[in-house]
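# quick one: sequence and predicted model below, then my questions.
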Amino acid sequence: MTLALADPFAPALSAPDAIPLLGPYLLRNARLRTLLCGGAGTTHWPLHRHEEHELFWGVRGIGSVIADGQLHVLLPGSALLVPAMVPHELHIQPDTSLKCTLISANADLRCQAVRPLAMPSVIAEIVSYLDTADVPSSLRTRMESIAIELLANNADIAVSLPMPRDERLLRVTRAVCAAPGEDRPVADWSAVASMSLRSFTRRFRLETGMSFGAWQVLARMRMAMALLEEGRPLAQVAARVGYSNISAFVTAFRRTTGHTPGSARRLGADWPDDDTVWPQRQVAAE
């Protein structure tokens, strides 16, 4: 599967106060509200921020969020929590939709930074019920508290990639994302970047905080998660991301995500196939 990404580091507004502040979105006496992204055909939300925390989930297709100098890829069954006031931008493919739950900034999510999560169906069902049903205020308060506590204690599972800013290095990372199973010496990748091997390795570590080899493993595990969510056989997944030995793949997957491939499958949620199940709202940016 080829992952087509827009340029994650297009020129952005530098002064925090100049970054658009969207919202507020929460209704009176509510701490959670869920909106649909992609229903109106929008595929790009430029750099912006919210007064509320923002939870991306319920992905049908593939999307990506750029925040804090990292590219976070949104896959079915995964979620991403962006704390209040953190600038970010969202890209989704034309056939992709996802849910966006805005959460009161006063909610104790025990999270100060952008955080990838697993998204068990119990949380999805709670926030969806709150947004589609006429819930008495006392019950809403209790259900919101349960959802917030579950999110605060949720396990990290998604794989995020720090992205370089140098266009030469971006040329390499895009190629790796498109074909993560391709086995090439680092010297070949430095040639793709039109850099010497020494300059390539030093610059890559400087801009991403890790070696190219470690980054490539992350890219492979990210693709592996997408294939596992599709229900692909383990041997096929391992081969697609460059592992001829299943045992070596399982070890790398567990070291990277903290889960086995089997448990990662179980952490993913099954989403309704019918879009009419979800509230057909549009975010203000659309």
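Noted; the coordinates are in hand. Residues are numbered from 1 along each chain as shown.
# model confidence for residue 266, exactly?
For residue 266, the model assigns a pLDDT of 54.
# helix/strand/coil for residue 126?
State at residue 126, reduced to three classes by DSSP: H, G, I helix; E, B strand; the rest coil: helix.
# quick one: the helices in the stretch 101-250 of the chain?
Secondary structure of the stretch 101-250 of the chain (DSSP state H, counting those that start in this stretch): helices at 121-132, 137-152, 167-178, 186-192, 197-208, 212-229, 234-240, 246-257.
# Throw these into a markdown table and include distance to residue 43, thanks.
For glycine as for every other residue, the C-beta is placed from the backbone atoms N, C-alpha and C. As requested, those are exported to a markdown table (distance: least, Cβ to Cβ, whole Å):
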| stretch | distance to residue 43 |
| --- | --- |
| helix 121-132 | 23 |
| helix 137-152 | 27 |
| helix 167-178 | 18 |
| helix 186-192 | 28 |
| helix 197-208 | 26 |
| helix 212-229 | 19 |
| helix 234-240 | 26 |
| helix 246-257 | 28 |
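# deepest-packed of those, please.
Stretch with highest mean neighbour count among the helices of the stretch 101-250 of the chain: helix 212-229 (a mean of 21; mean count of other Cβ atoms under 10 Å).
# so how far is that one off the chain centroid?
Relative to its parent chain, helix 212-229 has a centroid offset of 13 Å by Cα atoms, centre = their mean, to the nearest Å.
# tilt between that helix and helix 197-208?
Orientation check (axes from the mean of the first three to the mean of the last three Cα atoms, to 10 degrees): helix 212-229 against helix 197-208 gives 60 degrees.
# relative to residue 35, how far out is residue 27?
11 Å (Cβ to Cβ, to the nearest Å).
# grab the nearest non-local neighbour of residue 223.
Closest residue to residue 223 apart from its sequence neighbours, by Cβ to Cβ, 6 or more residues apart in numbering: residue 180 at 4.6 Å.
# just how off-centre is stretch 30-49 within its chain?
Remark: stretch 30-49 is offset 14 Å from the chain centroid, using Cα atoms, centre = their mean.
# ok, and for it, which residues are buried?
30-39, 45, 47-49 (16 or more other Cβ atoms under 10 Å).
# isn't residue 210 up against residue 162?
Yes. Counting by Cβ atoms under 8 Å, residue 210 touches residue 162, with 7.0 Å between them.
# now the common contact residues for those two.
Counting by Cβ atoms under 8 Å, 6 or more residues apart in numbering, residue 210 and residue 162 have no common neighbour.
# TSV for the buried residues of stretch 30-49, including pLDDT and distance to residue 22?
Converted to TSV, the buried residues of stretch 30-49 look like this (pLDDT from 0 to 100; distance: Cβ to Cβ, whole Å):
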residue	pLDDT	distance to residue 22
30	90	17
31	93	18
32	93	17
33	92	13
34	90	16
35	88	11
36	87	15
37	86	12
38	80	16
39	67	17
45	88	9
47	89	11
48	91	5
49	92	7
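# how about residue 55, secondary structure?
Secondary structure, three-state DSSP: residue 55 is strand.
# list the contacts of it.
Residues near residue 55 by Cβ under 8 Å, 6+ apart: 79, 80, 81, 82, 100, 101, 102, 103, 151.
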